[in-house]
Every structure is written in C-alpha cells, then in structure tokens.
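# please work out how this folds:
(chains A and B)
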Amino acid sequence: MKIASFNINGIKARIAALTDWLNAAGADVVVLQEIKSLDEAFPRAHFEDLGWNIETHGQKGFNGVAILSKLPLEDVMCGLPGDDGDEQARYIEATVTGEKAVRIAGLYLPNGNPVPGPKYDYKLAWMERLRIRAAELLASEMPVVMLGDYNIIPEPRDAANPGKWVDDALFLPQSRAMLRAIQWQGWTDAIRIRDPWSARGPFTFWDFQGGAWNKDDGIRIDHLLLSPQAADLLAETGVDREARAAEKPSDHVPVWLRLAA
DNA sequence: ATGGTTGACTTTCAA
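Reported below is the predicted structural model:
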C-alpha cells in the first residue's frame, strides 16, 4: 500500500499539477493539505472519474484537508479532538484496508508565525491536542500512519540555512520539543530512518519567495510518522522532489511510503 | 538588503 502526503496550496490552482502527479505516482492513499476550499467547492467529480474515493474537511479560503483513496474510506473522522471551538479545518482520519487495515491520520499543523502572539499560542495548543490524539492512536495497536504538513523543522540539518529560521515558529526550540514529545511516544519518522545520518535534508518545501527553489534553500517540514505496527510493515519511502519543478507547482512536494499492507 | 511570491479573495491576509 503506497501512502502519500501532499500540501497542494489550493486545489483550484493545483488541479493540473496534482492530476499529473497522481497519474504518475501510483499511490493508493493520498492526504492533501491546504485545499483552501469549501467541501462543496472541491472538484470531486474530476477525481472520482480517475477512480478516487474522496473525503474532504474544508473551509473557505484557507487551510482544509482531504483524503483521496483507491480503496474504500471507512470510519472517517474530521477535526482534531480537544477543542469544540476550533473552527480551523486541519485534521482528518480514516481507515483503509488492503491486506491489513491501516489507520490514516492526515494533518495540517498550524504555521504559528508571527512569534510571539496568538498564532503561536494556537500552534502549541494544537500540538498538545495532537499529542493526546497520537497517544490514543498508539493505544489502538493498529498500523497507523500520521502524516502531513507538520510545519516543524525537526533539526538543523532539515534546513539548507538553519540560521535564518532560528526565530521562526517552525524551528523554535519549543516547537521542536513538542514534536519530539509526540515522536517519543513511539512514532517512527519514516523519511529520516531511510537515511539516518544524512547531513542535509531531504527537503520537502521551498518558499515561493527569493528564488528558494533555484538556490535549493529548502526545509523538511512534511513528515510521515508510523506507529510500531506500521513501522514493522515499512518497505520504502520517498520524496518527489521533481514535483517542485513542475508547471505551476505547489511550494511543497509529495512525501510517501510503501507498507507491506 | 527588512525585500521577495503565490493563492484566495477582495483589498488584505496567510503562508
């Protein structure tokens, strides 16, 4: 089962680039972030015609997540538990069953800038809610893949120029400590373990500004975290870096893994 | 050098 995450930065602007990538990648399950669309405005028919089952959790203008799957999507849950007043659409879960049942948790973690301020407070509070949900998922003892745009640079080697991020919400010690607190529950960073001693990257995001792509001034902020039961099934991982050079690209590229499931 | 780009949606915010 090939499972991917792709922050597409606007479904309307990215139909062509996303469709090209879907047709080439051969994924079974894809979580999307920043669809920037209401559920009723999502171009469902276009993707259904290509054989995808679709669940969306959108909002007007910003944020929004979705799951596309060649397999049926079961037990869908929209929204991160822990704050009924949270209106931002950033989290979706579903179960897909191939040879084994796998729980998929797709997330778009808040950016948190500027720091300090209410947006950073929201980021930290959201991460605390994610920590609680992640523990529940581990307790299920299912194979779980918790993946998406985490908006966290885990280590200096995950940025081409770590110095320019030192005051940024994506790289502040408190942000990184919150991610580690989740990982230390027992999650495996699938991209990192592919090449544990890598000196740089692999990057998953290059800003539209400042010619970041041409300078390879990237960061690694899209992550694939595996429960132990999923890590035991891990067969392959990848970052589709070439997607950043496509026509009208997103600022993120897809990250993916293959499970023996 | 305090810039620069893109998307959604209006004139400005979010990233």
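# quick one, strands of the stretch 151-261 of chain A?
For the stretch 151-261 of chain A, strands defined by DSSP state E, counting those that start in this stretch occupy the ranges A:188-189, A:222-226, A:234-239, A:255-259.
# just want the angle from the third one to strand A:222-226.
Same thing as strand A:234-239. Computed by axes from the mean of the first three to the mean of the last three Cα atoms, to 10 degrees, the angle separating strand A:234-239 from strand A:222-226 equals 170 degrees.
# which helices and strands does strand A:234-239 pack with?
Using 3 or more Cβ pairs under 8 Å, 6 or more residues apart in numbering; DSSP states H and E, the elements in contact with strand A:234-239 are helix A:190-194, strand A:255-259. All C-beta atoms are positioned from the backbone trio N, CA, C, and that covers glycine.
# what lines up beside that strand in the sheet?
Strand A:234-239 pairs in its sheet with strand A:255-259 (antiparallel), by DSSP bridges.
# out of the strands of the stretch 151-261 of chain A, deepest packed?
Comparing the strands of the stretch 151-261 of chain A by mean neighbour count (mean count of other Cβ atoms under 10 Å), strand A:222-226 comes out on top with a mean of 26.
# pairing partners for that one, with directions?
As assigned by DSSP bridges, strand A:222-226 forms pairs with strand A:144-149 (antiparallel), strand A:188-189 (antiparallel).
# helices along the stretch 1-150 of chain A, start to end?
In the stretch 1-150 of chain A, the helices defined using DSSP state H, counting those that start in this stretch lie at A:15-25, A:44-48, A:118-139.
# pretty sure residue A:27 sits against residue A:5.
No - counting by Cβ atoms under 8 Å, residue A:27 stays clear of residue A:5, with 9.8 Å between them.
# next, show the common contact partners of those two.
Residues touching both residue A:27 and residue A:5 by Cβ atoms under 8 Å, 6 or more residues apart in numbering: residue A:256.
# name the residue in those two with the higher neighbour count.
In this view residue A:27 and residue A:5 are compared by other Cβ atoms under 10 Å, and residue A:5 has more residues nearby, 30 against 22.
# next one: the residue nearest to residue A:202 when sequence neighbours are not counted from residue A:230, what distance?
Nearest residue to residue A:202, sequence neighbours excluded (Cβ to Cβ, 6 or more residues apart in numbering): residue A:239, at 4.6 Å. Note on residue A:239: its distance to residue A:230, by Cβ to Cβ, to the nearest Å, is 18 Å.
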